[in-house]
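Trainee: compute the structure for the input listed below.
(one chain, ligands or ions: 1)
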Amino acid sequence: MAIRNVREMGDPVLNKICKEVKEMTPRTRELIDDMFDTMYEEGGVGLAANQVGILKRIVVIDVTGEDPVLLINPEILETSGEQVGNEGCLSVPGKAGVVRRPNYVKVKACDRELNTFELEGTELLARAICHEVEHLEGHLYVEKVEGGLKDVEDIEEEEEEALELEDDFADFDSVLDD
Ligand code: NI
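Mentor: Here you go, the predicted structure:
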């Protein structure tokens, strides 16, 4: 197991279409283990194989830190609803932007033994599945960003201000209650 180098936007490997995994080999198993290690090490919620320079249709996701999901040859079967929120990517460090995604996704994929299974996800998991499957098609979320790409630091500042604003309202409410 090892931490692999995450490729950053501008690296042409991120714009390549990944190839179907047709057999499981020790090398592919090692890649999968390394992808999980790399995702956890870098603090991401998902990672696609081309982000570590390998053109295979393999995705790892963990939206809670305790629910590792491996998707080999993933195929989105169904989507519904909508969510709008900030999204980031390990290949675009320090940046984030607002992306519109379905709020529900059903995906078909293969597991480590190449057995097919289906997985349903909502909210962050649905967002992560869409984001990672697009990586395998050579696309980055920055293509879909509404309102431009922002620095994560600025977004955190905005969120702090929003929280302070909420506090002000809370105070106002309590005054009215009295
Ligand atoms: Ni990404």
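Trainee: could I get the average pLDDT for the longest strand along the chain?
Mentor: Longest strand of the chain, by residue count under DSSP state E: strand 69-80. Strand 69-80 shows a mean pLDDT of 98.
Trainee: now do the buried residues in whichever helix or strand comes after it.
Mentor: Next along the chain after strand 69-80, taking DSSP states H and E as the criterion, comes strand 83-87. Of all the residues in strand 83-87, those buried under the rule 16 or more other Cβ atoms under 10 Å are Glu87. C-betas here are computed from N, CA, C, even on glycine.
Trainee: what residues of the helix or strand just after strand 83-87 count as buried?
Mentor: Toward the C-terminus, strand 83-87 is succeeded by strand 95-101 as the next helix or strand (DSSP H and E). Neighbour counts over strand 95-101 (16+ other Cβ under 10 Å) mark 95-99, 101 as buried.
Trainee: let's have the residues you listed in CSV, adding distance to Glu158 and pLDDT.
Mentor: Shown next, in CSV, are the buried residues of strand 95-101 (distance: Cβ to Cβ, whole Å; pLDDT from 0 to 100):
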residue, distance to Glu158, pLDDT
Lys95, 14, 96
Ala96, 11, 96
Gly97, 13, 96
Val98, 12, 97
Val99, 17, 97
Arg101, 20, 98
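Trainee: now, among those residues, which is nearest to Asn86?
Mentor: Ala96 (4.8 Å; Cβ to Cβ).
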